[in-house]
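Q: Below is the structure, and that's it, no one-letter string:
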């Protein structure tokens, strides 16, 4: 068991100017499941490989527990890369498939059997231990592969997009399995993914990276409720947050007929660089559908209704005077607004609905820096 | 609406004839050449198309394109690897449900999976020769900046290369190309290779397919030491006094002997000029095969080329033509010795081995029977004897694949009970 610390850890690839990972400071608690998430090229895999010892660290240091491993070779770091290889050996029993690495390491037979049985219990594989892998289902084989990492009893598990080559159904199943298994084992785990849903559903905490820089780290709830900047706001959550630019006059943000009162502390933080504008984010569920002509409402032309049974979403375009100035964007694209609506009362494509932002459910960011103001 | 797409640098319309609307696991036996052996992470099938054998693997689209691109880049870097044919996407089944993408590669002719090599129980040093071949491949990959991420015997194919084997990369799914590898990446790859190799040998032992005297751990360790030796020989810095300059030429000779050409060598001296430091900067594998190709146009593997070049040298000496243009002499050797020897092998047996490998084995055989007979047996006589006593009894190695179609597939065989017999590990020799 151990903590993991990135202390100003930096990786610059030869021949490039901008660091792939820039002064990363991150502390993972003992037993914690931390997810590194971000778009392609954000530095998440590089960070994980630095921790694994596969990438040189050009600045700062990396610690596992109290031990500085910055210059320690991968095999001496007491980590396990999970899912690196889950080809199973057909002639060996399930127990041997799980324990062969311990045998290679010269561990006594009794200890190997004990560790294998322990892992099998956690993985629900006890009754299969003496069978051959061909007697197992696909999901069970996957668990045998996890067992290989578990029996080594490493201080830290590292997983780099382990679900990326599974089909959608097995992906969701395995996601749940890995998360609950990690909780049961209590081994510190660092997990890399580009998929924010995976991050939200699996991690104790999530670290969002972009362009080699850590944007924010926090619990899924914190990331969702109080994103630190416009990037995190737009990245975390599905469907994504709507983000629009409003003008500020007399402490009130407005776009078209819609007006959002701003807290005084927010208004005080505005600078000349903001140019009298402010960026406001509102999630699809932070919008109320109201009768046409309601004060402060924004008209939205319905392009598409997505019905999911328990939920329904309108994908629409802002119309009316607000449309020209709002610079709205969302996960659906520029000029698109996503609205969660009552699934029992859905508008038709081509209708126009009016929406207002629920009080207290907007996220306010500086138009110049993108940083959170509220 | 049909949306099947084949992405390929060299499109072959015959690919369209394959049953893409059917999940790969359910392809009918009549299109299959064979099924693969062992438990794979993905469904893999071999099909025969226009005289070629293609390997088809079902994986997600992103992974398929990534591996396809990596394999193409490796070929540009002249790394021995399977040839990527293309990626098939947009597959729909008859109900319009989407199917996974497929990566298509060309099966390497005359290649041997490691299980086939072991099951033939050749010589006790077979394992050592496979390990040597894998170490050379791993060093070559690392020199060009390729991190494999899953080095194993089963992700490698072996081809006979005179007395040795040459290793080819088959599976690049976990790999990455970098500008240069860190020491950590190289060591992790080597360590993983060691673990995987030992695991694979333990598996053969568990299936009673491995001689009991084989020490799995020692073979795994041998890879680590072979790799380290070769890496040091190819990239290490050497210092010596300025009066020992012959050591520059000696280093180059040593690298040539290992089968590498030196493209660039850095030579630095200290300020007072008493010490010289040399380090190869660019080395290219294939020293002998390039030389043979320049002389004769024959494109063969490096150790085969070395053997042919030795025979060419004997020819030059025997015909006293050291002063002639080397290409002219090489042409005559090819016309008078090499080609007639291969042609003397009956056509139906000729295809069992590559021509250069045939020639190498005939040379070996000639040495063997000459010693027995106490006289120099001429090539035509040696060839006839080789065909009669050796080649006729050898398996056809042009396309050694997995189980014949129709035999039960392991992937589908999940319901087999714990007491079902271990699979027989014979190989289907496809013709």
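A: Arrived safely. What you are looking at is a predicted structure, and each value in this text was computed from that prediction instead of being measured.
Q: Quick one: name the residues of the stretch 101-250 of chain B near chain A.
A: Contacts of the stretch 101-250 of chain B with chain A, taken as Cβ under 8 Å from any Cβ of the partner chain, map to B:147, B:149-150, B:152, B:154, B:173-174, B:179-180, B:182-185, B:187-188, B:191-192, B:195-196, B:198-200, B:202-204, B:206-207, B:209, B:217, B:220. Any C-beta I mention is one placed from the backbone N, CA and C, and that applies to glycine too.
Q: Apply 6 Å and report the result again.
A: For the stretch 101-250 of chain B, the contact set with chain A under Cβ under 6 Å from any Cβ of the partner chain comprises B:150, B:179, B:182, B:184-185, B:187-188, B:191, B:198-199, B:202-203, B:206-207.
Q: Can you tell me which of the residues you listed are classed as buried?
A: Buried subset of those (neighbour count, 16 or more other Cβ atoms under 10 Å in any protein chain shown): B:150, B:182, B:184-185, B:187-188, B:191, B:198-199, B:202-203, B:206-207.
Q: quick one, what contacts the residue of the stretch 201-350 of chain A found nearest chain B?
A: Proximity of the stretch 201-350 of chain A to chain B (Cβ to the nearest Cβ) peaks at residue A:212, 16.7 Å away. Residue A:212 is in contact with A:19-22, A:43, counting by Cβ atoms under 6 Å, 6 or more residues apart in numbering or on different chains.
Q: Ok, residue A:28 next?
A: Contacts of residue A:28 (Cβ under 6 Å, 6+ apart): A:4, A:34, A:188.
Q: that older thread, just the residues of the stretch 101-250 of chain B next to chain A: which are in helices?
A: Within those, residues falling in helices by DSSP state H are B:184-185, B:187-188, B:191, B:198-199, B:202-203, B:206.
Q: Could you point out which of these is nearest to residue B:282?
A: Closest approach to residue B:282 among these (Cβ to Cβ): residue B:185, at 19.8 Å.
Q: any idea how far residue A:13 is from that closest one?
A: 13 Å (Cβ to Cβ, to the nearest Å).
Q: for residue B:171, same thing?
A: Distance from residue B:171 to residue A:13, by Cβ to Cβ: 26 Å.
Q: what about residue B:94, how many neighbours?
A: For residue B:94, the neighbour count with other Cβ atoms under 10 Å in any protein chain shown is 7.
Q: Pull the contacting residues for it.
A: Taking Cβ under 6 Å, 6+ apart, one finds residue B:21 in contact with residue B:94.
Q: Which strand runs longest in chain A?
A: strand A:298-307 (DSSP state E).
Q: now what about that strand, what contacts it?
A: Contacts of strand A:298-307 (Cβ under 6 Å, 6+ apart): A:258, A:313-320, A:322, A:337, A:346-347, A:349, A:351-355.
Q: contacting residues around residue 62?
A: Reading this off chain A. By Cβ under 6 Å, 6+ apart, residue A:62 lies in contact with A:6, A:9, A:51, A:69-70.
Q: Among those, which ones are in strands?
A: A:6, A:9.
Q: residue ranges of the strands in the stretch 201-350 of chain B, please?
A: With DSSP state E, counting those that start in this stretch as the criterion, the stretch 201-350 of chain B has strands at B:238-241, B:260-269, B:275-285.
Q: residue ranges with poor pLDDT in the stretch 1-150 of chain B?
A: When residues are selected by pLDDT under 70, those of the stretch 1-150 of chain B lie in B:1-2, B:35-40, B:118-124.
Q: now the helices for it?
A: B:61-76, B:114-119, B:126-143 (DSSP state H, counting those that start in this stretch).
Q: Could you say which of those is packed most deeply?
A: helix B:126-143 (a mean of 22; mean count of other Cβ atoms under 10 Å in any protein chain shown).
Q: Most neighbours among the contacts of residue A:212, which one?
A: residue A:21 (30 neighbours).
Q: thinking it is in contact with residue A:43, fair?
A: Yes - between residue A:21 and residue A:43 there is a contact under Cβ atoms under 6 Å: 4.3 Å.
Q: show me where pLDDT drops low in chain A?
A: For chain A (pLDDT under 70), the answer is A:1, A:83-86, A:322.
Q: want to try JSON lines for the contacts of residue A:62, with distance to chain B as columns?
A: Conversion of these to JSON lines gives the following (distance: Cβ to the nearest Cβ, whole Å):
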{"residue": "A:6", "distance to chain B": "16"}
{"residue": "A:9", "distance to chain B": "14"}
{"residue": "A:51", "distance to chain B": "11"}
{"residue": "A:69", "distance to chain B": "11"}
{"residue": "A:70", "distance to chain B": "11"}
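Q: Can you tell me which of the contacts of residue A:62 is closest to residue B:16?
A: residue A:51 (46.4 Å).
Q: list the contacts for residue A:201?
A: Residue A:201 touches nothing, counting by Cβ under 6 Å, 6+ apart.
Q: how far is the host helix or strand of it from where the chain is centred?
A: In this assignment (DSSP states H and E), residue A:201 forms part of helix A:196-202. Distance of helix A:196-202 from the chain centroid (Cα atoms, centre = their mean, to the nearest Å) equals 5 Å.
Q: Stretch A:180-188 now?
A: 18 Å.
Q: now stretch A:306-316
A: On Cα atoms, centre = their mean, the centre of stretch A:306-316 falls 23 Å from that of its chain.
Q: How about the stretch 151-300 of chain A: which residue is closest to chain B?
A: Counting by Cβ to the nearest Cβ, the stretch 151-300 of chain A gets nearest chain B through residue A:165, at 4.9 Å.
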